[in-house]
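Student: Sequence first, predicted coordinates after that:
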Amino acid sequence: MIKAVIFDMDGLMFDTEHLLYEAWDYAGEKLGIGKAGIMAIETLGISNADSQYMWYDRYGDAYDEGKIKEYTYEFIEKYFTEKGIPKKKGLDELLAYLAEKGYRTAVATSSSKRSLMRKLTAAGLENRFDVLVNCNMVSMSKPFPDVYLKAMELLGLTADECLVLEDSINGIKAASAAGCRAIMIPDLVQPTEEIEKLLFKKCGSLDEVIAVLEQLNK
């Protein structure tokens, strides 16, 4: 029986992958390396430290990590101030259902603690989860299973008792490696044939997960 649902964050709970794409287009142009939004796809689901190698590989010495972060922060802060953080379809409905039915919940993200808390707070969800796991709490980021293993440890549950929700290929690989059943709700990328084999289900939005849980826990 499923007792807990573990959420990824960016691209799954919040429509921040598309926002990051726009922010990096903006930051790349400000830096003079051209629109760099494509890096939001190429670094999808991996830690900030690992993504830096990919930035340097593409842009070489023209890449300035500090400036990219500055311009990205400038763009996103303006967006959040004007429009708030964009929640993905069905998030509130699914969280309400999980609370009503007594499921435990966790977030397991490749983002930093600062980024995690900033986004949860902006969405008014900072107190809605039993467990929060960020990249600073583990040694290896997705596609390694560490964040999901840590979430299960803190929940005090086994892989068979947890359902993982992911939007990225690296996230699905991590969930599968942790032994969990994983549902993919694609955002910027669709699952490959290899990833399709690892999925328990694929849904179009978060509220569709409710029907899956009702079927699993009949």
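Tutor: Looks like it came in fine.

Student: Helix or strand next in line after whichever strand or helix holds residue 92, which one?
Tutor: Residue 92 is part of helix 91-101 when elements are defined by DSSP states H and E. Going down the chain from helix 91-101, the next helix or strand is strand 104-108, by DSSP H and E.

Student: Extract the C-alpha trace of that following strand and format it as CSV.
Tutor: Output of strand 104-108 as CSV, limited to C-alpha atoms (Å, rounded to 0.1, in the frame of the first residue of the first chain):
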residue,chain,number,x,y,z
ARG,A,104,2.5,11.5,4.1
THR,A,105,4.3,13.8,1.7
ALA,A,106,7.9,14.8,0.9
VAL,A,107,9.8,17.0,-1.5
ALA,A,108,13.1,15.6,-2.9
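
Student: So residue 216 sits against residue 3, correct?
Tutor: No - counting by CB atoms under 8 Å, residue 216 sits too far from residue 3 to count as a contact (10.8 Å). Glycine gets a C-beta too; all of them are placed from N, C-alpha and C.

Student: circling back: the inter-axis angle of the helix holding residue 92 versus strand 104-108?
Tutor: 140 degrees (axes from the mean of the first three to the mean of the last three CA atoms, to 10 degrees).

Student: Residues in contact with the longest helix belonging to the chain: which ones?
Tutor: The longest helix of the chain (DSSP state H) is helix 65-83. Applying CB atoms under 8 Å, 6 or more residues apart in numbering, the contact partners of helix 65-83 are 19-20, 22-24, 26-28, 30-31, 36, 52, 55, 122.

Student: and with 6 Å instead?
Tutor: 23, 26-27, 30-31, 122 (CB atoms under 6 Å, 6 or more residues apart in numbering).

Student: residue ranges with poor pLDDT in the chain?
Tutor: 45 (pLDDT under 70).

Student: domains in it, as residue ranges please.
Tutor: Following automatic domain parsing, one finds the domains of the chain at 4-15+86-216, 16-83.

Student: In TSV, list the ones you listed along with mean neighbour count.
Tutor: Output for the domains of the chain, formatted as TSV (neighbours: other CB atoms under 10 Å):
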stretch	mean neighbour count
domain 4-15+86-216	19
domain 16-83	16
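
Student: Whatever helix or strand residue 194 lives in: how far from the chain's middle?
Tutor: Residue 194 is part of helix 193-196, with elements assigned from DSSP H and E. Mean C-alpha position of helix 193-196 versus that of the full chain (CA atoms, centre = their mean, to the nearest Å) differs by 19 Å.

Student: what packs against that helix?
Tutor: In this structure, helix 193-196 makes packing contacts with no helix or strand, judged by 3 or more CB pairs under 6 Å, 6 or more residues apart in numbering; DSSP states H and E.

Student: For that helix, output the C-alpha coordinates as PDB.
Tutor: Taking Å, rounded to 0.1, in the frame of the first residue of the first chain, the C-alpha atoms of helix 193-196 are listed here in PDB:
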ATOM      1  CA  GLU A 193      11.700   4.700 -25.000                       C
ATOM      2  CA  GLU A 194      14.300   3.800 -22.300                       C
ATOM      3  CA  ILE A 195      12.500   6.000 -19.700                       C
ATOM      4  CA  GLU A 196       9.000   4.700 -20.700                       C
END
